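1. whatever this is, show me its structure:
(chains A and B)
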Protein chains: 2
Amino acid sequence: MSHSSGTDMALNFSTASLHAWNGVSLLLIIFVTWIISGMSQAKSKIERLLICWWALTGLIHVFQEGYYVFTPDLFNDNSPNFMAEIWKEYSKGDSRYATRHTSVLGIESVASIVLGPLSLLAAYAVAKQKSYSYIFQFAISIAQLYGTIQYFLTAFLEGDNFASSRYYYYSYYVGQSSIWVIVPMLIATRYWIKIHAICKRLQDKKVTKVG
Amino acid sequence: MSHSSGTDMALNFSTASLHAWNGVSLLLIIFVTWIISGMSQAKSKIERLLICWWALTGLIHVFQEGYYVFTPDLFNDNSPNFMAEIWKEYSKGDSRYATRHTSVLGIESVASIVLGPLSLLAAYAVAKQKSYSYIFQFAISIAQLYGTIQYFLTAFLEGDNFASSRYYYYSYYVGQSSIWVIVPMLIATRYWIKIHAICKRLQDKKVTKVG
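-> A predicted model of the protein is given here:
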């Protein structure tokens, strides 16, 4: 069951170098965004972290997932292409990517075309302290949450047997995708509490006025 | 291509009586909810309409869609069962219901288990003027919107050829499902505007204080 990518014909990068390049790219995005966010109007470390998250998830949605959506023959591409290799590697955790399963393609399409650009706009909105930033971040997080739930649920409904081994099931499929459950849930909760508090204060004020 | 349900072995009700019973049930729900909402704390006709919508969509999610999700052998049921007949009829517009396609089953599961009970709670929240009602209605509408977009998108990605005729394609598939694009979009827009206005007012006040 276990895959050793060194012997896998389709992979032109070693698994270790893929992970290394991917990790370095993502850390670089976070690092650069963190520096830029320090020059923005962000008021707290949490807001700077939020800018980093929206930039990171936005770039992943637009470029990484966008590449997947708009490159149908990606798994037949044998040239050493980093973007294609990433998806060949991830498909060890979820073979629906290799077969371009409709459930996966539907979710990835919405992520890359809609949620990606909106996430980048959210990074801007937080950096500029736009008055719509609360409700905007809340909306994107609810949509991301729905998407990831569908992602796991559609696999579950078909027997949850799309990983090439238990290792890839937990490290790739569960491990990586659950980030898009945890973070959107945290952000949605944060802004639910903030928006609710503002609405409640306004309501209490009105009641006081009338009374 | 066109189906005449009078000659369809699977259907124990005539199409006309199915439509009549379905229409009467839905109108009855709206009528009863409208009356009850008049005795609630709802402040305007729009709020009373919102209570009707949340009760209606909640009951449809829980009972109609819940029946579909939890009755896997529904299309083999030849006894005269109104709930089963409704789905046999609707599947003329989208045969993925008859084959229990994963995309449809995933969306219907979330609708019946999560969004249904939440919609009924939203009806209560508006009726009781709860301070969380704005953000709550916004959240459910975004989730419904995502679900319906996935519903149409997954059919599109597989060739959009699941209706038994053009008539059923437009009247059932497009006609009925697009209600869950239009209404959630209207509600999401309404509460985006309201929440944004409240946030903006608070922000302006803070800026004034500092200045």
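
2. how about the residue nearest the centre of chain A, nearest residue that isn't a chain neighbour?
-> Among the residues of chain A, the one closest to the centroid is A:Thr57, at 4.5 Å (CA atoms, centre = their mean). Once flanking residues are discounted, A:Thr57 sits nearest to A:Ser119: 5.0 Å by CB to CB, 6 or more residues apart in numbering or on different chains. For the C-beta atoms, the positions are set from N, CA and C on the backbone; glycine is no exception.

3. helix/strand/coil for that neighbour?
-> Put simply, A:Ser119 is helix when judged by DSSP: H, G, I helix; E, B strand; the rest coil.

4. could you report the neighbour count for it?
-> For A:Ser119, the neighbour count with other CB atoms under 10 Å in any protein chain shown is 26.

5. sorry, back to before: how close does the residue nearest to the centre of chain A get to B:Asp94?
-> 32 Å (CB to CB, to the nearest Å).

6. SS state for A:Ala42?
-> A:Ala42 falls in the coil class when you classify it by three-state DSSP.

7. wait, doesn't it sit right on A:Val126?
-> Yes - judged on CB atoms under 8 Å, A:Ala42 makes contact with A:Val126 at a distance of 6.3 Å.

8. show me which of these two is the more surrounded one.
-> The residue with more neighbours, out of A:Ala42 and A:Val126, is A:Val126; 28 against 19, by other CB under 10 Å.

9. who are the packing partners of the helix or strand in which that one is found?
-> Counting by DSSP states H and E, the element that carries A:Val126 is helix A:116-127. Judged by 3 or more CB pairs under 8 Å, 6 or more residues apart in numbering or on different chains; DSSP states H and E, the packing partners of helix A:116-127 are helix A:15-38, helix A:45-59, helix A:133-157.

10. mean pLDDT lowest for which of those helices?
-> Comparing mean pLDDT across those, the weakest is helix A:15-38, with a mean of 93.

11. could you check the angle helix A:116-127 makes with it?
-> Put simply, helix A:15-38 runs at 40 degrees to helix A:116-127, going by axes from the mean of the first three to the mean of the last three CA atoms, to 10 degrees.

12. quick one: buried residues of helix A:15-38?
-> For helix A:15-38, the neighbour count (16 or more other CB atoms under 10 Å in any protein chain shown) marks A:Thr15, A:Leu18, A:Asn22, A:Ser25, A:Ile29, A:Thr33, A:Ile36, A:Ser37 as buried.

13. of these, closest to A:Glu85?
-> A:Leu18 (5.7 Å; CB to CB).

14. so who does the residue nearest to the centre of chain A touch?
-> A:Thr57 is in contact with A:Leu115, A:Ser119, A:Gln144, A:Trp180, A:Val183, counting by CB atoms under 8 Å, 6 or more residues apart in numbering or on different chains.

15. skipping adjacent residues, who's closest to A:Lys200 in space?
-> Distances taken as CB to CB, 6+ apart place B:Ser131 nearest to A:Lys200, at 3.9 Å, with adjacent residues excluded.

16. and if you look at A:Ile29?
-> Nearest to A:Ile29 is A:Leu56, by CB to CB, 6+ apart, at 5.4 Å.

17. I figured that neighbour hits A:Phe31, correct?
-> No - judged on CB under 8 Å, A:Leu56 makes no contact with A:Phe31 at a distance of 10.7 Å.

18. overlap in contacts of A:Ala42 and A:Val126?
-> Common neighbours of A:Ala42 and A:Val126, counting by CB under 8 Å, 6+ apart, are A:Leu50, A:Ile51.

19. so which bits of chain A are right by chain B?
-> With CB under 8 Å from any CB of the partner chain as the criterion, chain A comes near chain B at residues A:102-103, A:105-107, A:109-110, A:129, A:131-132, A:134-135, A:138-139, A:142-143, A:146-147, A:149-150, A:153-154, A:157-158, A:188, A:192, A:195-196, A:198-200, A:202-203.

20. run the last query once more with 6 Å
-> With the criterion set to CB under 6 Å from any CB of the partner chain, chain A comes near chain B through A:102-103, A:105-106, A:131-132, A:134-135, A:139, A:142-143, A:146, A:150, A:153-154, A:157-158, A:192, A:195-196, A:198-200, A:202-203.

21. longest helix of chain A?
-> helix A:179-210 (DSSP state H).

22. tell me the buried residues in it?
-> A:180-181, A:183-184, A:187-188, A:190-192, A:194-196, A:198-199.

23. quick one: average pLDDT of that helix?
-> Helix A:179-210 comes out at a mean pLDDT of 90.

24. follow-up on the earlier one: tilt between the helix holding A:Val126 and helix A:179-210?
-> 50 degrees.

25. closest one of the buried residues of helix A:15-38 to chain B?
-> Checking the buried residues of helix A:15-38 against chain B by CB to the nearest CB gives A:Ser37 as the nearest, at 19.2 Å.

26. that older thread, okay, now the residue nearest to A:Ile29: neighbour count?
-> 19.

27. how about the one 5 residues further on?
-> By the measure other CB under 10 Å, the count of residues near A:His61 is 26.

28. quick one: contacts for it?
-> If you count contacts by CB atoms under 6 Å, 6 or more residues apart in numbering or on different chains, A:His61 has them with A:Ala111, A:Ser112, A:Leu115, A:Gly116, A:Ser119.
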